[in-house]
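Novice: output the structure for:
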Amino acid sequence: MKKAVITAVLAFAAVFTTGCASGRIHEKSYLRAAAVTGEYETEAVFSLFSEEDAVSGHGADIDLARSDAELKNGREIFTGYTELIIVDGRECRELLGHLLGKWKISPSCRVVYCENGGELLAEHDAEQLIGISEQAVKQGIAPESDIITVLGELCENGTAAVVGLSTDGTASSHVIY
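Specialist: Below you'll find the predicted structure:
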């Protein structure tokens, strides 16, 4: 009898806990790369997995820019698989801390610098930009720049060296603040 009850409970749990009850996969967009710029108003360009064109958003802060992009895209943007963040070098410590803590982006997400990251991300494929940044690190052009390393340096020193990308696709080393 006891064995039958346990089997029934396990069967019930297996039936009702499988799948994506909290949200279906096709109802979300998955963020691959984001370019964030702006001193007084934030502009963000989001490159999404399985989306051909990037989507942009504007707002007083990064969360409002994301909400604007979600409205334009028609789907919630899931940030847990983000591979690349492009920053403009302004107030990076606060921004990156927010992205890691609140957006829950991957600790292995690369941080790179570009003065006009939105243009860079709109013109170049995110996969290509990720590859360029990886090669810059492998070839010793720039140091490792995952978000954990960069945030640690920003907190400790106030500056961090990252891969610098230009809109023509070349890479260098750049210091952000």
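
Novice: spatially central residue for this structure, please.
Specialist: Thr82 (3.6 Å; C-alpha atoms, centre = their mean).

Novice: where does that residue land in three-state SS?
Specialist: coil (DSSP: H, G, I helix; E, B strand; the rest coil).

Novice: can you pull the contacts of it?
Specialist: Going by C-beta atoms under 8 Å, 6 or more residues apart in numbering, Thr82 touches 31-34, 99, 103, 105-106, 109. To be clear about C-beta, it is placed using only N, CA and C from the backbone, and glycine gets the same treatment.

Novice: export the residues you listed as JSON lines, with columns for secondary structure.
Specialist: As requested, the contacts of Thr82 are exported to JSON lines (three-state DSSP):
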{"residue": "Leu31", "secondary structure": "strand"}
{"residue": "Arg32", "secondary structure": "strand"}
{"residue": "Ala33", "secondary structure": "strand"}
{"residue": "Ala34", "secondary structure": "strand"}
{"residue": "Leu99", "secondary structure": "helix"}
{"residue": "Trp103", "secondary structure": "coil"}
{"residue": "Ile105", "secondary structure": "coil"}
{"residue": "Ser106", "secondary structure": "coil"}
{"residue": "Cys109", "secondary structure": "coil"}
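
Novice: buried residues of the helix or strand where Tyr30 lies, list them for me.
Specialist: Element membership for Tyr30, per DSSP states H and E: strand 28-37. Across strand 28-37, burial judged by 16 or more other C-beta atoms under 10 Å covers 29-37.

Novice: Val87 is in contact with Glu115, correct?
Specialist: No. Under the criterion of C-beta atoms under 8 Å, Glu115 makes no contact with Val87, lying 10.1 Å away.
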